[in-house]
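S.K.: My questions concern the predicted model and sequence given below.
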Amino acid sequence: MKPWLNSIEYIRGVSMAGVVAIHTGSQYLLNPTPNIHLVALFEIVSRFSVPIFFFISAFGLFYRMDLSEPFSYGKFLRRRFKAVLVPYLLWSTFYLVHDNHFYGWQLFPDLDYAAEIYFFGLAKYHLYFLVILIWFYLLMPLWIFLVKRMTPARMIFLLAAQVAFDYWSSYCAGASENLFWKWRLNWLVLHYVFVFVLGGVLAVHSQKFFAWCAAQKKFISGTFLLSLIILLSHYYFLIGVKNFSAEAAVNTAHQLSPAGIFYTIAASIFLFTLFQFGRLPESLKKFLSVLGKNSYFVYLAHPFVITYLALGLGKLGLVMTAPNALIFYAATVALTLSANLLLKKFFT
């Protein structure tokens, strides 16, 4: 039995905090004159948050898996669907009913539209992630096949193919009336294949990976910093030279851009190295552990809290200024985290 890795739990917590930052940033962008540096913090620095979840999901799966033994596909799906599919369906239904009441929408205009909502994760803006994760689980035999046969040369080829496909899908493909292509970012696993396979490969060769991380801390940190500088430079170039709005710049310098992909890879390895081999204060470890253990609920529930915090700001006549945005972010994390801790206290 391999030892439990606290670093995976810590990364999960940090990633959840990043997802909340992205969605807080979306609220802050409603300000017609946002501080572009705070937007960068909310929307650019946190851009690793979604894809790194696929990295740590694959790492966790393959770290505990013995590839020399037969893979029980049915057992695997039953366990994973219980953890992902059931919450996805329940929370999708919750948000549909809530938003129908809150905004006065018609719940289900027709059955075809209802099927579209559940299939593509359209019940709320964050639920598409679970749809993609479900597809990764459904295709698990394919990932096992690839990970078993992956070599450094094939990884380089896969990375090049990933950059090319994501660039084409993001900037060249254009809009389409085809239902499956229209919502491609909501379900198409092709956008995140490399980072998932990378997590699997590094888990299979975990001892070599751990030794390399321990020996190359400065190189890993420098690479992460460089990748962040490049992604931020892209963002500031779009605003300062191309005259993009902050929102347009964010929607261009995203995690599927070439710079975004390399930033995700660098951030994944950097955070793993930091949390696995860095000297962290015990208080920080405890905080990261609490974030990680409660990250799933915070991820699922935070749009609900954001809705009512935004409503409260409007009732008070407050504008989403930079200080208010920071308070808004902290309040969203604190409220969702506290709610889950209270639920655990009373129901366990």
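M.R.: Good, I have the coordinates.

S.K.: what about residue 110, neighbour count?
M.R.: Other residues lying near residue 110 total 9 when counted by other Cβ atoms under 10 Å. Heads up, the C-betas are built off the backbone N, CA and C, glycines and all.

S.K.: The one 5 residues further on now?
M.R.: Look at residue 115: counted by other Cβ under 10 Å, it has 11 neighbours.

S.K.: While we're on it, how confident is the model there?
M.R.: Per-residue pLDDT puts residue 115 at 91.

S.K.: helix or strand right after the helix or strand hosting residue 232?
M.R.: Using DSSP states H and E, residue 232 maps to helix 217-240. Going down the chain from helix 217-240, the next helix or strand is helix 246-250, by DSSP H and E.

S.K.: what comes up buried for that next one?
M.R.: Neighbour-count burial for helix 246-250, counted by 16 or more other Cβ atoms under 10 Å, picks out 246, 249, 250.

S.K.: and the gap between the first one and residue 290?
M.R.: Using Cβ to Cβ, to the nearest Å, one gets 32 Å for the distance from residue 246 to residue 290.

S.K.: May I ask which helix or strand of this protein has the lowest mean pLDDT?
M.R.: helix 111-120 (a mean of 90; mean pLDDT, DSSP states H and E).

S.K.: For the residue most central in space within the chain, give me its contacts.
M.R.: Residue closest to the average C-alpha location in the chain (Cα atoms, centre = their mean): residue 50, at 1.4 Å. Going by Cβ atoms under 8 Å, 6 or more residues apart in numbering, residue 50 touches 15, 19, 22, 129, 255.

S.K.: Closest to residue 196 out of the residues you listed?
M.R.: residue 129 (12.8 Å; Cβ to Cβ).

S.K.: Quick one: residues contacting that closest one.
M.R.: 50, 53, 121, 299.

S.K.: now the one helix or strand it maps to against helix 111-120, angle please.
M.R.: Here residue 129, judged by DSSP H and E, is contained in helix 128-138. When axes from the mean of the first three to the mean of the last three Cα atoms, to 10 degrees is applied, the directions of helix 128-138 and helix 111-120 differ by 70 degrees.

S.K.: buried set for helix 128-138?
M.R.: Buried-residue list, helix 128-138, by 16+ other Cβ under 10 Å: 128, 129, 130, 131, 132, 133, 134, 136, 137.

S.K.: Also stretch 210-219?
M.R.: 210, 213.

S.K.: contacting residues around it?
M.R.: 220, 269, 272, 273, 276, 277, 278.

S.K.: these two touch, right, residue 130 and residue 121?
M.R.: Yes: between residue 130 and residue 121 there is a contact under Cβ atoms under 8 Å: 6.5 Å.

S.K.: Overlap in contacts, the two.
M.R.: With Cβ under 8 Å, 6+ apart as the test, residue 130 and residue 121 both reach residue 88.

S.K.: low-confidence ranges in the stretch 1-150 of the chain?
M.R.: Within the stretch 1-150 of the chain, the stretches with pLDDT under 70 are 1, 108-109.
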